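# Model the structure of this input:
(2 chains)
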Amino acid sequence: MFEMHMESPGTMALSGRLDAAESDQALATLTPLAGPLVLDCDKLEYISSAGIAVIMQTYKRLLAGGQSLRMTRLSPRVRNVFVYAGLAELLGIE
Amino acid sequence: MMVRPFPREMASLPALVEFVQEFLAAEGLAQSRAFELDLVIEELFTNLVKYARGERGDVDVGLARDAERVVITLREYGAELHDPTARPEVDVHRPIDERVPGGLGVHLVRRMSEDFRYEWHGGIATTTVTMRAKD
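Sure thing, here's the model as predicted:
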């Protein structure tokens, strides 16, 4: 189960599990959005490389348009996946 | 050891998560181990969904443990040789514009495991990953 909703202008909340079964839908939801964009990961329980690929693709798209993507409130385990992937600093993950 | 066949499709992922939950409960292992087990199984399983060649039948997923380790196996029958451990290491320190998609899943498996190996004999392909049983 994975869900996304705009919790305020420019801030998208992610919840549940962003895995390979959900990544196409997640990318389709993010693709029309302009930046700057914040992804609130407070309720994101899990992410795999398929989910990371969605985030990276969105990051690159926004960067190419002179905009930004930042991720906030990650759980330690989700954060760890970004650290292993070498992306924590890039995405503003503390 | 628990072994179960899973249809080779992305739609099997929720059932794999459920399988890990059953294993943790049966072994009295902490729920906190689920994340890394789920991730390693997902990365290896989805690689087989996307890239493996051969008969492409169900994948037998096994979970076993001893005192300190959990051993994950993914076994295919009628498989062509396709060794995930032979993938080159991803350089995660390259600038983002120079990074190409792919390979990140295997990189995460390497980071989260103590041992990662692949064997192929007469069409039977087995990927084995050893991980810590406790945080």
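
# In chain B, which residue sits nearest chain A?
B:Val92 (2.8 Å; CB to the nearest CB). Heads up, the C-betas are built off the backbone N, CA and C, glycines and all.

# tell me the contacts of that residue?
Residues in contact with B:Val92 (CB atoms under 8 Å, 6 or more residues apart in numbering or on different chains) are A:Tyr84, A:Ala85, A:Gly86, A:Leu87, B:Arg99, B:His107.

# State the three-state secondary structure for it.
Three-state call for B:Val92 (DSSP: H, G, I helix; E, B strand; the rest coil): coil.

# how far away is it from B:Pro7?
Between B:Val92 and B:Pro7 the computed distance is 32 Å (CB to CB, to the nearest Å).

# Repeat that for A:Leu63.
38 Å.

# Of the two, give the one with the bigger neighbour count.
Each of A:Leu63 and B:Pro7 has its neighbours counted (other CB atoms under 10 Å in any protein chain shown); A:Leu63 has more, 15 against 12.

# give me the element the residue nearest the centre of chain A is part of.
The residue lying closest to the centre of chain A (CA atoms, centre = their mean) is A:Ile55, at 4.5 Å. Using DSSP states H and E, A:Ile55 sits in helix A:49-64.

# Can you list the neighbours in contact with that helix?
Residues contacting helix A:49-64 (CB under 8 Å, 6+ apart): A:18-20, A:22-23, A:26-27, A:30-31, A:33-37, A:39, A:68-69, A:71, A:81-82, A:85, A:87, A:90-91, B:42-43, B:46, B:96-97, B:99, B:101, B:104-105, B:107-108.

# now swap in stretch A:78-89 and tell me
So stretch A:78-89 is in contact with A:41, A:44-49, A:52, A:55-56, A:71, A:74, A:91, A:93, B:39, B:92-93, B:96, B:104, B:107-108, B:111-112, going by CB under 8 Å, 6+ apart.
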